[in-house]
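>>> predicted model and sequence below, questions to follow.
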Amino acid sequence: MKRKILAGIIIALVVAGAAYAQFAKPEQAIKYRKSVMFLIAQHFGRMGAMVKGETPYQQDDFAQNAAVVDMLAALPWDAFKEPGADKGDTTMSSAVFQQPEKFRAAAASFESETAKLADVAEDGNLDAAKAQFGKVAQSCKSCHTEFRVK
């Protein structure tokens, strides 16, 4: 497990470095953003399967996935700021540019809720993890409702 965590940290550092680089084209920002969101969805889905009882609850796996989601939660936001990143192969709404303060508040809420999930997951209390998982899911849904093209 320690190797998995170390590998995750190394990947995070590489990805985080890329996140702060300017995007040469809007398509690069879209690709970067979609990649981060794909990873978030994969790890969040693993926890969701445990929360729903579809797979057995494994506290270590749940905590590791929560930590990965928490780490990834800070990465996609700069890629939303890129001019033209709401055009092309994306579901990003132009509302991101029209309501930047509201979008940033939604992003901050997501980051805050994922940090809480990572903390709760470490404690191993399944009921508390389920409750916080629901708060993260609601944070996702509210942002998608406001800032995603349907």
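Received, thanks. Residues are numbered from 1 along each chain as shown.

>>> what's the burial count for residue 145?
Counted with other CB atoms under 10 Å, residues neighbouring residue 145 total 11. Every C-beta, even on glycine, is put in place using the N, C-alpha and C of the backbone.

>>> pLDDT weak spots in this structure?
For the chain, residues meeting the criterion pLDDT under 70 lie at 1-21.

>>> let's go with 80 and repeat that
Residues of the chain meeting the criterion pLDDT under 80: 1-22.

>>> all helices for the chain, in order.
For the chain, the helices defined by DSSP state H cover 2-19, 26-51, 59-72, 77-81, 95-98, 100-123, 126-147.

>>> how many neighbours does residue 24 have?
When neighbours are defined as other CB under 10 Å, residue 24 has 9 of them.

>>> just to revisit the earlier point, for the helices of the chain, which one sits closest to residue 89?
Distance to residue 89, taken as CB to CB, is lowest for helix 26-51 among the helices of the chain, at 6.1 Å.
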